[in-house]
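Undergrad: how would this look folded up:
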Amino acid sequence: MTSARRRILGPLLARAGVDVTRLEDGAYVVQRRERPLAVQRVGPPRLRTHVVADRRTVRKQMNGYQNQLGAHLGEEHLSWVFRELGINVVLDVGANEGQFATRLRRAGYRGRIVSYEPVRYLVDLLREHAAADPEWLVEDCALGDVDGTAEINVTPGKLSSLLPASDFGKAWSDKLRESHTETIRIRRLDQVLDDAVAGVAAPRVFLKMDTQGYDLATVRGAGDRLGEVLGLQSEVSCVPIYDGMPRMTEQLDTYEAAGFAISAMFPVSRHRPTLRVIEFDVVMVRPDAVTRDHD
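TA: Coordinates of the predicted model:
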C-alpha cells in the first residue's frame, strides 16, 4: 500500500471501525476494532515473522497456547533437521493413526516412512491413511528389545502402553483408567531394518519414537545397527505416567552414550495445577552426520 493510498484509505477505514497495522512494506493486518488481535514481531525485522493473537484468550489458555506454539516450532525444527541430515527413511515407532507421518508429508517430506503400530484398531486406521502413499509402509507390531509377544494396555487416544499406568497418570488422565489388554507382536529393530530400507539408495535413517515408556527398549533392540540411525526423536519423561517408565535423565544418558547430541526439546504435556512439564519431545542428531552447510 503506497503512502498516498494510506492517506486516502486510512480515514475511511477508521470511520468504518477498521484498524490497519503495518507489519512491513507490503504486509498489513486489517481488522475490525471490536476485539482487535495483538501483533507481536518475532525476532529482528529481517526474519519477517510475526505472531497474531487474542491476548485475553491467550491469558486464559496459556498452557494450550504454549503447547501449540511448541508443536509448531517442533515441526519446523524437524523439517530443518531432515534437510540438514539428508533424511530419506523415517521409522515411525508408535504410529497411532499416522499423525506424525501426515505432518511430515504436509511439511514436504517425500522419502520413505515405515510406521510401526501394534494395536489392532489403530493399525486399520493407519492403513487407511497410508493406502494412497506408496512410500508410506505399515507394520503391525511394536518395536522392543526382544522378538515375541506381550500384553499391551489399550486406552482411548494416544496413551496405549506396554507399561501399567502410575497413580499419577491415572489422576492426570481419565483415559488411563479405561484400559483393556490386547496381545501384540514385538520385533527388534535390528531384525526389521533391512526391510524398512529396502529399495532406498544410500538410506539415511531417522528414528521417531512415541511408545509411552518403551523408547529405551526400542533403542536396545537396534543393537549394533543403531549406528545407522542419524537422528532420533523420543518422548522423555519428567513425571512418569506409567510405572517402570524411565526418567528423562536415564533416557538422555543412554542416547548420548550412543553418540547422539540434543538438537532441541519441546514440551508435550504439563500438569496444569503445578505447572510441571510431564514429557518433552527431544530431537537428537549425530553431529558428524550433518550434510549441509549451516545458515
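
Undergrad: remind me which residues of the stretch 1-150 of the chain are low pLDDT?
TA: Within the stretch 1-150 of the chain, the segments meeting pLDDT under 70 span 1-17, 33.

Undergrad: Helices along that one, start to end?
TA: Applying DSSP state H, counting those that start in this stretch to the stretch 1-150 of the chain gives helices spanning 3-15, 55-60, 62-85, 99-106, 120-130.

Undergrad: Nearest residue to Phe100 in space, ignoring adjacent ones along the chain?
TA: Residue nearest to Phe100 in three dimensions, not counting chain neighbours: Asp92, with 5.5 Å by CB to CB, 6 or more residues apart in numbering. Just so you know, the C-beta spots here come from the backbone N, C-alpha and C atoms, and that holds for glycine as well.

Undergrad: er, Glu250 actually
TA: Excluding the flanking residues, the one nearest Glu250 by CB to CB, 6+ apart is Leu216, at 7.4 Å.

Undergrad: how many other residues sit next to the nearest residue to Gln66 once chain neighbours are set aside?
TA: Once flanking residues are discounted, Gln66 sits nearest to Pro267: 7.0 Å by CB to CB, 6+ apart. Applying other CB atoms under 10 Å, we find 18 residues neighbouring Pro267.

Undergrad: go on, Glu178?
TA: Glu178: 15 neighbours (other CB under 10 Å).

Undergrad: Go ahead and confirm it touches Gly157.
TA: No - with contact defined as CB atoms under 8 Å, Glu178 does not reach Gly157; the gap is 9.8 Å.

Undergrad: At which residues are the strands of the chain located?
TA: Ranges of strands within the chain are 18-24, 27-32, 38-41, 50-53, 89-93, 112-116, 136-139, 142-144, 148-154, 180-188, 205-209, 229-237, 261-271, 276-285, based on DSSP state E.

Undergrad: what pairs with the shortest one, and is each one parallel or antiparallel?
TA: Based on DSSP bridges, the strands next to strand 142-144 in the sheet, each with its direction, are strand 180-188 (parallel).

Undergrad: For Ser237, give its distance to Pro134.
TA: According to CB to CB, to the nearest Å, Ser237 and Pro134 sit 36 Å apart.

Undergrad: who's more crowded, the two?
TA: More neighbours surround Ser237 than the other of Ser237 and Pro134, with 23 against 8 (other CB under 10 Å).

Undergrad: what sits opposite that one in the beta ladder?
TA: Beta-bridge pairing of Ser237 under DSSP bridges involves Glu279.

Undergrad: Contacts only, for it.
TA: Taking CB atoms under 8 Å, 6 or more residues apart in numbering, we find Ser237 in contact with Gly213, Met245, Pro246, Arg247, Met248, Gln251, Ile278, Glu279.

Undergrad: The first one - how many residues pack around it?
TA: Using other CB under 10 Å, Gly213 is surrounded by 23 other residues.

Undergrad: ditto for the last one
TA: The criterion is other CB under 10 Å. On that basis, Glu279 has 22 neighbouring residues.

Undergrad: With distance to Pro164 and pLDDT as added columns, please give the contacts of Ser237 in a markdown table.
TA: Output for these, formatted as a markdown table (distance: CB to CB, whole Å; pLDDT from 0 to 100):
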| residue | distance to Pro164 | pLDDT |
| --- | --- | --- |
| Gly213 | 10 | 92 |
| Met245 | 10 | 92 |
| Pro246 | 15 | 94 |
| Arg247 | 17 | 94 |
| Met248 | 20 | 95 |
| Gln251 | 19 | 97 |
| Ile278 | 17 | 93 |
| Glu279 | 17 | 94 |
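
Undergrad: Nearest to Ala257, out of those: which one, please.
TA: Of all these, Ala257 sits closest to Gln251, with 10.9 Å by CB to CB.
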